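Student: give me a 3D structure for the following:
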Amino acid sequence: MNATVVHIHSPAGHYIGQLRSRGCRHWRNVSTSHTSSNIALSLAIKKAEYSHNRARTLFVDDSGWYGPVVIAEAKLK
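Tutor: Predicted coordinates:
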């Protein structure tokens, strides 16, 4: 009989909203840490100006084992 162990990975971390202007490669943090990706993305979109082209949400792991992960990205008009 094989015993299998299921490991559920649930990292502790926070979400950050970022904006990028047209023609730029670098992202700018526009929101502080939040517990929900939807809140971080909506705050980033609210702070967007005409020159901004994209918004995204990053998940940042608090343990330091993993790098930031892109959760959602939105294209702005």
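Student: so which residues of the protein form helices?
Tutor: In the chain, the segments counted as helices under DSSP state H are 37-46.
Student: please, where are all the strands along the protein?
Tutor: 13-21, 28-29, 52-61, 69-75 (DSSP state E).
Student: partners of the longest one in the sheet?
Tutor: Within its sheet, and counting by DSSP bridges, strand 52-61 is paired with strand 13-21 (antiparallel), strand 69-75 (antiparallel).
Student: got the strands of the chain as JSON lines, with mean pLDDT, distance to residue 37 and mean neighbour count columns?
Tutor: Just so you know, the C-beta spots here come from the backbone N, C-alpha and C atoms, and that holds for glycine as well. Converted to JSON lines, the strands of the chain look like this (pLDDT from 0 to 100; distance: least, C-beta to C-beta, whole Å; neighbours: other C-beta atoms under 10 Å):
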{"stretch": "strand 13-21", "mean pLDDT": "94", "distance to residue 37": "5", "mean neighbour count": "21"}
{"stretch": "strand 28-29", "mean pLDDT": "93", "distance to residue 37": "15", "mean neighbour count": "12"}
{"stretch": "strand 52-61", "mean pLDDT": "93", "distance to residue 37": "5", "mean neighbour count": "19"}
{"stretch": "strand 69-75", "mean pLDDT": "93", "distance to residue 37": "5", "mean neighbour count": "12"}
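Student: count of residues packed around residue 40?
Tutor: 27 (other C-beta atoms under 10 Å).
Student: which ones are touching it?
Tutor: 15, 16, 17, 31, 34, 57 (C-beta atoms under 8 Å, 6 or more residues apart in numbering).
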